[in-house]
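Q: pasted the sequence and its predicted model underneath.
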Amino acid sequence: ASDVYKRQSLRTLEQQYALVERAQSESRAIFDASSEALLFISASGQVHALNRPFGEFFALTAEEVVGMPFADLQRQWEPLFVNAAAFHADLVQDNTNQERRSMTTATQKDPQYRELAVSSTPVQSSTAAYLGRLYVLRDVTLEREAERLKAEFYALVSHGLRTPLTSIKGYTDLLAQQEET
């Protein structure tokens, strides 16, 4: 009976292990499928996880940075940003306030120019224990370029219409003055 119980226990453990592995694999696939770069920092301040886009944004691999103190990662990526000091000053506030949620922007210059919208969110367990912080970096370069082009277009159209309308108004005013006299 003892052997039967051990075999059943082993089978149960194997099934549970398979379920956990499947859940981890699915979670990893979802994490990597995001177009945003995701970085999870543990409550102890270590890089816990990053997704494929994060690695692509910064030419890093998970093997290089997982387990690294976040402060070391910040020093490593500092040369990649246009105004790293302001960006890091914003990130430092996350260390002092676990409840803080924030949105900021950063401009990356290497390995590729990108304008990034960066959100920072605390992550809590189902029992409200602080697990760490999730950073989501979204490439908004094309959106910003589209906004700039739209503003230029409106300025050009506005100027293009204003010039002939000013002339027409001037002639209309001149004709109105001549009729009055």
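A: Perfect, thanks for sending it.

Q: wait, is residue 154 part of a helix?
A: Yes: read with DSSP: H, G, I helix; E, B strand; the rest coil, residue 154 is one of the residues of a helix.

Q: what about the closest residue to residue 84 other than its chain neighbours, how many residues nearby?
A: Nearest non-adjacent residue to residue 84, counting by Cβ to Cβ, 6 or more residues apart in numbering: residue 78, 4.4 Å away. All C-beta spots, glycine's among them, are computed from the backbone N, C-alpha and C. Residues near residue 78, counting by other Cβ atoms under 10 Å, number 12.

Q: which parts of this structure are strands?
A: For the chain, applying DSSP state E gives strands covering 37-42, 47-50, 102-108, 114-124, 130-139.

Q: need the ones you listed in a markdown table with distance to residue 83 and mean neighbour count, can you?
A: Shown next, in a markdown table, are the strands of the chain (distance: least, Cβ to Cβ, whole Å; neighbours: other Cβ atoms under 10 Å):
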| stretch | distance to residue 83 | mean neighbour count |
| --- | --- | --- |
| strand 37-42 | 18 | 20 |
| strand 47-50 | 22 | 21 |
| strand 102-108 | 7 | 16 |
| strand 114-124 | 12 | 17 |
| strand 130-139 | 15 | 18 |
